[in-house]
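[1] from the sequence below, what's the structure:
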Amino acid sequence: MLNLVLVNPQIPNNTGSIGRLCVNAGTRLHLIKPLGFDIDEKAVRRAGLDYWHKLDLHVWENLEEFFENNPKAKEGFFATTKTDKPYFEVDYKKDSFIFFGSETKGIPEEVLNAYPQQCITIPMTTEGRSLNLAISTGIILYEAIKQNYTSFQEMM
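    Presented below is the predicted three-dimensional model:
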């Protein structure tokens with residue numbers, strides 16, 4: 001199962017869209033605190049996220065706790081605008097971890113510096129500085145699914 005990791009997401013609608021994406025793609029979602037919103041049952045219900053209970057969701061207090069419990073994640077990929085390596089030029093495994101940072105700050109610089117060979121980006125023109133977080137996760141996730149389509153079909 002593929003893993004999407006959101007580090008300190010700030011916008012609930014993005015995380016809601018990504019949660020829906022993960023349910024439909026059979027992907028596990030990891031949220032790294034602090035979060036910019038509530039995900040308790042009442043808040044989720046109010047946001048109309050009636051599929052949220054189907055989500056394979058794991059919430060972590062911080063990156064240290066996450067990495068301690070998921071050592072394979074250190075082999076993952078880190079989406080950033082601070083690299084030139086396109087997301088489609090890496091080999092995703094069926095259990096890869098794909099990291100995305102907060103909408104305002106991205107993945108912390110110290111994390112990017114620790115894994116420079118695993119940083120990936122979505123090619124863009126110079127007209128904008130970044131894409132919406134939910135759109136970015138969909139683009140990269142479906143490349144990983146494409147590369148592992150046989151495993152994906154087994155989940156269907």
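[2] from residue 111, how far out is residue 150?
    31 Å (CB to CB, to the nearest Å). Using the backbone N, CA and C atoms, a C-beta is placed for each residue, glycine as well.
[3] out of those two, which sits in the more crowded spot?
    The neighbour count for residue 150 versus residue 111, taken as other CB atoms under 10 Å, is higher for residue 111 (17 against 8).
[4] got the contact list for the helix or strand encompassing the more buried one?
    Secondary structure from DSSP states H and E places residue 111 in helix 109-114. Identification of contacts with helix 109-114 by CB atoms under 8 Å, 6 or more residues apart in numbering yields 7, 63, 78, 80, 82-83, 99, 119.
[5] and that helix, how far from the chain's centre?
    The chain centre lies 16 Å from the centre of helix 109-114; the measure is CA atoms, centre = their mean, to the nearest Å.
[6] how about it: buried residues?
    Buried residues in helix 109-114, counted by 16 or more other CB atoms under 10 Å: 111-112.
[7] same question for stretch 88-100.
    90, 92, 94, 96-100.
[8] tell me where this protein has strands.
    For the chain, the strands defined by DSSP state E occupy 3-7, 28-32, 57-60, 77-79, 97-100, 119-120.
[9] one step back: which one of the buried residues of stretch 88-100 is nearest residue 106?
    residue 100 (8.3 Å; CB to CB).
[10] how about that closest one, nearest residue that isn't a chain neighbour?
    residue 79 (5.0 Å; CB to CB, 6 or more residues apart in numbering).
[11] can you pull out the helices in this structure?
    For the chain, applying DSSP state H gives helices covering 12-25, 41-46, 63-69, 109-114, 133-147, 149-155.
[12] those helices: lowest mean pLDDT?
    Lowest mean pLDDT within these: helix 41-46, a mean of 59.
[13] how far away from the center of its chain is stretch 55-72?
    12 Å.
[14] how long is it end to end?
    One end of stretch 55-72 sits 21 Å from the other (CA to CA, to the nearest Å).
[15] buried stuff in that stretch?
    The neighbour-count check on stretch 55-72 (16+ other CB under 10 Å) flags 55, 60, 63, 66-67, 70 as buried.
[16] again, but for stretch 128-142
    By neighbour count on 16+ other CB under 10 Å, the buried set for stretch 128-142 is 133-134, 136-138, 140-141.
[17] now stretch 118-129
    For stretch 118-129, the neighbour count (16+ other CB under 10 Å) marks 118-122 as buried.
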